[in-house]
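Quick check, what structure comes out for this input:
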Amino acid sequence: LTQVHPLGHYAKMTLWFSASQHVYEAHSDASDGFLFQLAGRKKVKVWPLPDECAEAVLYDHRDLPKRQSLPSQEFNLVPGHVLFIPGGAAHEVTVDSGYSSVSLSFHVGCPYPVLSLCRDLQASANGCTFRLPDEYCETYKTDITYFQPGRHYAAEPTRERMPESLRTPLCQTIDCDGCTKDELAQKLDDWWRARIQNSTYAGPYPRNP
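Reported below is the predicted structural model:
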């Protein structure tokens, strides 16, 4: 996990007790997940993640219809089954009439909110002001805009500067009063280097200012 997530990562486990006819409507999660079926039965419909969504550098989960655009697959889970659901993939969970269910979900990853990055930059601004477009400032969990540091690190494993595949779209997204785009790029490199040296990822939700 340290190699895959050099800026740190979070792990979360949730125990689910579901009654007969329970429906958890279609949604997507910010990170990869494993669902362990412990008792009873559960039905999970999963939509494969479209390439357009999988390849986006900056993303949120407000585009649920797009994430449901490919034909779904249905999995009927019984005790002993483990289902892997990729981060961002839309899925719906139901328990049929006459059954109940006990299951455990395990999520792990490093979806980094762009808003948290902007606040990190502002904390060491030295006279600069950093701003994001309004749509990137949402804090409700389905509306938060993320990027995945580990994906870019795997493609360009550098500890001294932010990978170009991530730095370029961030420079195009973040407005900075008091510095040029080249200076902003340098500040992103500084941020990347500091985060790798002190990989204390706080979680997938923006921290308070």
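
Could you list the residues in contact with the longest helix seen in the chain?
With residue count as the measure and DSSP state H as the assignment, the chain has helix 181-197 as its longest helix. By CB atoms under 8 Å, 6 or more residues apart in numbering, the residues outside helix 181-197 that reach it are 6-8, 117, 120-121, 124, 128, 149, 159-162, 167, 170-171, 174, 176, 179. Using the backbone N, CA and C atoms, a C-beta is placed for each residue, glycine as well.

Also stretch 32-41?
So stretch 32-41 is contacted by 18, 42, 44, 76-87, 95-96, 99-109 (CB under 8 Å, 6+ apart).

please redo it, this time with the cut-off set to 7 Å
For stretch 32-41, contacts defined as CB atoms under 7 Å, 6 or more residues apart in numbering pick out 44, 76-87, 95-96, 99-109.

List the buried residues of that stretch.
Within stretch 32-41, the residues scored as buried using 16 or more other CB atoms under 10 Å are 32, 33, 35, 36, 37, 38, 40, 41.

what do you get for stretch 89-98?
So stretch 89-98, judged by 16+ other CB under 10 Å, has buried residues 89, 90, 91, 92, 93, 94, 95.

What of stretch 105-120?
Taking 16+ other CB under 10 Å as the criterion, stretch 105-120 shows 105, 107-120 as buried.

how about the residues you listed, which pair is most distant?
105 and 118 (30.0 Å; CB to CB).

okay if I get the buried residues of stretch 32-41 as a markdown table plus distance to residue 59, pLDDT and secondary structure?
Shown next, in a markdown table, are the buried residues of stretch 32-41 (distance: CB to CB, whole Å; pLDDT from 0 to 100; DSSP: H, G, I helix; E, B strand; the rest coil):
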| residue | distance to residue 59 | pLDDT | secondary structure |
| --- | --- | --- | --- |
| 32 | 14 | 95 | strand |
| 33 | 17 | 96 | strand |
| 35 | 22 | 98 | strand |
| 36 | 27 | 98 | strand |
| 37 | 29 | 98 | strand |
| 38 | 32 | 98 | strand |
| 40 | 34 | 97 | strand |
| 41 | 33 | 97 | coil |
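
Appreciated, that's everything.
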